[in-house]
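> Next comes the sequence, and after it the predicted model I'd like to discuss.
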Amino acid sequence: MYSEKVMEHFANPHNVGEIPNADGIGKVGNPQCGDVMWLYIKVKDNIITDIKFKTFGCGAAIATSSMITELARGKTLEEAKKISRQDVADSLDGLPPTKMHCSNLASDALREAIKDYEAKQAAKKA
Amino acid sequence: MYFDHSATTAVLPEVAEAMTPYFLEKYGNSSSIHSFGREAKIALEDARKSVAKVLNADPTEIVFTSGGTESDNLAIKGVAMYKGKMKGHIVTTVVEHHAVLEPCEYLKRFGFDVTIVPVSSEGLVDVGDIERAIRNDTVLISVMMANNEIGTIQPVREIGKLAQSRSIPFHTDAVQAIGKMPIDVKADNIDMLSLSAHKFHGPKGVGVLFVRKGTKIEPIIQGGGQERGLRSSTVNVAGAVGLGRAAEIAIRDLEPTCEKMKTLRDRMIKRVPELVPRSYVNGHKTKRLVNNAHFRFDFIEGEGLILQLDFKGIAASTGSACSTGSLEPSHVLLALGLTHEQAHGSLRITLGRENTEEEADYLLEVLPGVVSKLREISPFNEKSPMGPGEGGTYVQ
């Protein structure tokens, strides 16, 4: 059973799409398990100015993807890195126990996108 | 609108009506000798006769149980462990319901061997494979009459004949078959057959195991010796009455109902692949339950599909892992040779006697939009199939 908030975000997910020339991309999950998320970020002055996602997965996977875009937008990279799986679940008024692990990939995707951004920045400097 | 009749069905008003007196006034225990008991016993035996007639069996061969799962458990454990035997060999198939596969798995703990026969990409069992699986110590063959997910109808008659020629008891799970095809335990050489009332417009919590006279079987539930010793527990008289009435109706209406469902099914199977790009039909073209249409769509996951359809007022189901609470997609879909990714994107439409052409049209109208909405959210498409994409790697 999903919370109303999960159903809301699943029915009308926020920030679906790709960002051409994204500053960082995070790809997590595994299609075998049924959940894959691609997350795109745009960063300016250390702040996430734009964020979009594409997700293959169940209701929870899509809702957590939508929620992370709301939680991360406007945050500094340091703040964004601190967003945990639990934070995402809490913001959605909880997730069913079976979904906590397999479908709650959004915070991992965000960290991967930031890591990708930082690696690209480091490469530019070098 | 309801397109999930393989999950369960509504109790028909005339079934509910037949049952009601056995809750309210005629509440006797069918084992009691006073008038209350006798009244219940008469109703129970009438129900038994109705079921027997539907299956072409003798009333003494009908055992009432709590449902399909118990019937399967009784058939498998009751025959395999007869007289305390703790070894032997069982032949079954990879597409059986968990209610068959799990008891077989359980018996392995005690020393039984189990051969699980594969199926074709359409879900069909090859009788030759069953024959080759048989050993000198084979004590049971269990093959379902029709599959609950993809609707493939198995060559039960041939398997029954084979089992008979080798003197091996043959069990079939006919839970999905009743009301959608004729069943004849004599013609089909069946020794044991499982039914569940709620799959054919009867109540939940009651089922039947047909056990041919002379079958060496013993109970798995011990107690007061009801049901000729094979299933102790006070009999669910109202449930049995409901099952009996539902079985009568299923057979009475078999032809027109099947005709109607088949027309709708064929329409879905034809139209869906035309309307939705990269969609595929699972299961067999002709050896298929009249009420089953099963699809798979590239690039999307089934739970999302079911929820989106639910928003539009359509109830259906999927073999995706996410919908079942396990991490594995349906074992039936994997047995067809589908990959995990493919199995996740499945949709099962199961029709019932009440579904109309208008409802089928509505489903066909809504489905393409729902699939494309989910595809817009999905990172996968023709250019980027189910992989990590250019330069990407997955972190798990």
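In hand now; what should we look at? Numbers count the residues shown, from 1 in each chain, chains lettered A, B, ... in the order given.
> how about residue 19, what does it touch?
All of this refers to chain A. A:Ile19 is in contact with A:40-42, A:50-52, counting by Cβ atoms under 8 Å, 6 or more residues apart in numbering or on different chains. Glycine gets a C-beta too; all of them are placed from N, C-alpha and C.
> meant chain B, my bad for not saying
Applying Cβ under 8 Å, 6+ apart to B:Met19 gives the contacts B:203, B:238-239, B:241-242, B:245.
> which among those end up buried?
For the contacts of B:Met19, a burial check counting by 16 or more other Cβ atoms under 10 Å in any protein chain shown picks out B:203, B:238-239, B:241-242, B:245.
> okay, and the helix or strand of chain A with the least pLDDT?
helix A:97-102 (a mean of 80; mean pLDDT, DSSP states H and E).
> Count the residues that sit near residue 65.
Just going to use chain A. Around A:Ser65 there are 31 other residues, counting by other Cβ atoms under 10 Å in any protein chain shown.
> actually chain B
Neighbour count of B:Thr65, defined by other Cβ under 10 Å: 30.
> where do the helices sit along the chain?
Since no chain was named, I'll use chain A. Listed in chain order, the helices of chain A (DSSP state H) span A:4-11, A:59-72, A:77-81, A:85-91, A:97-102, A:106-125.
> my bad, chain B
Taking DSSP H to define them, one finds helices in chain B at B:13-19, B:21-24, B:35-55, B:68-80, B:98-108, B:127-133, B:156-165, B:237-252, B:254-275, B:302-311, B:321-324, B:331-335, B:340-344, B:357-377.
> What are the contacting residues of the longest one?
The reference is to helix B:254-275. Helix B:254-275 has contacts (Cβ under 8 Å, 6+ apart) with B:179-182, B:279-281, B:288, B:290-293, B:295, B:349, B:351-353, B:355, B:357, B:360, B:363-364, B:367-368.
> Would you mind listing the buried residues in it?
Buried residues in helix B:254-275, counted by 16+ other Cβ under 10 Å: B:254, B:257-258, B:260-262, B:264-265, B:267-269, B:271-272.
> Closest to A:Lys125 out of those?
B:Val272 (53.7 Å; Cβ to Cβ).
> Skipping adjacent residues, who's closest to B:Glu70 in space?
Once flanking residues are discounted, B:Glu70 sits nearest to B:Gly207: 6.3 Å by Cβ to Cβ, 6 or more residues apart in numbering or on different chains.
> Help me confirm that that neighbour comes into contact with B:Ala197.
Yes: B:Gly207 is within contact range of B:Ala197, at 6.3 Å (criterion: Cβ atoms under 8 Å).
> Can you say which of the contacts of A:Ile19 are buried?
Among the contacts of A:Ile19, the ones that count as buried by 16+ other Cβ under 10 Å are A:40-42, A:50-52.
> Dump the least confident helix or strand of chain A to PDB, restricted to CA.
Included here for helix A:97-102 are C-alpha records, laid out as PDB according to Å, rounded to 0.1, in the frame of the first residue of the first chain:
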ATOM      1  CA  PRO A  97       9.000  -2.100   3.600                       C
ATOM      2  CA  THR A  98       9.700  -4.100   0.500                       C
ATOM      3  CA  LYS A  99      10.200  -0.900  -1.500                       C
ATOM      4  CA  MET A 100      12.700   0.700   0.900                       C
ATOM      5  CA  HIS A 101      15.600  -1.200  -0.600                       C
ATOM      6  CA  CYS A 102      14.900  -2.000  -4.200                       C
END
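> how about B:Ala75, what does it touch?
B:Ala75 neighbours (Cβ under 8 Å, 6+ apart): B:140, B:142, B:171, B:192, B:194, B:209, B:211, B:217.
> related to what we said a few turns ago, please dump the helices of chain B into a markdown table; it should also carry mean pLDDT for every row.
Converted to a markdown table, the helices of chain B look like this (pLDDT from 0 to 100):
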| stretch | mean pLDDT |
| --- | --- |
| helix B:13-19 | 98 |
| helix B:21-24 | 98 |
| helix B:35-55 | 98 |
| helix B:68-80 | 98 |
| helix B:98-108 | 97 |
| helix B:127-133 | 98 |
| helix B:156-165 | 98 |
| helix B:237-252 | 98 |
| helix B:254-275 | 98 |
| helix B:302-311 | 95 |
| helix B:321-324 | 57 |
| helix B:331-335 | 94 |
| helix B:340-344 | 89 |
| helix B:357-377 | 97 |
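> coming back round to it: nearest to B:Leu124, of the buried residues of helix B:254-275?
Minimum separation from B:Leu124 among the buried residues of helix B:254-275 (Cβ to Cβ) is found for B:Ile269, which lies at 16.7 Å.
> Next, the contact list for the nearest residue to B:Ile349 once chain neighbours are set aside, please.
The shortest distance from B:Ile349 to any non-neighbouring residue, by Cβ to Cβ, 6+ apart, is to B:Ala293 (4.3 Å). Counting by Cβ under 8 Å, 6+ apart, B:Ala293 touches B:151, B:265, B:268-269, B:272, B:281, B:348-351.
> Mind pulling the model confidence for B:Ala293?
You'll see B:Ala293 listed with a pLDDT of 98.
> Noted, bye for now.
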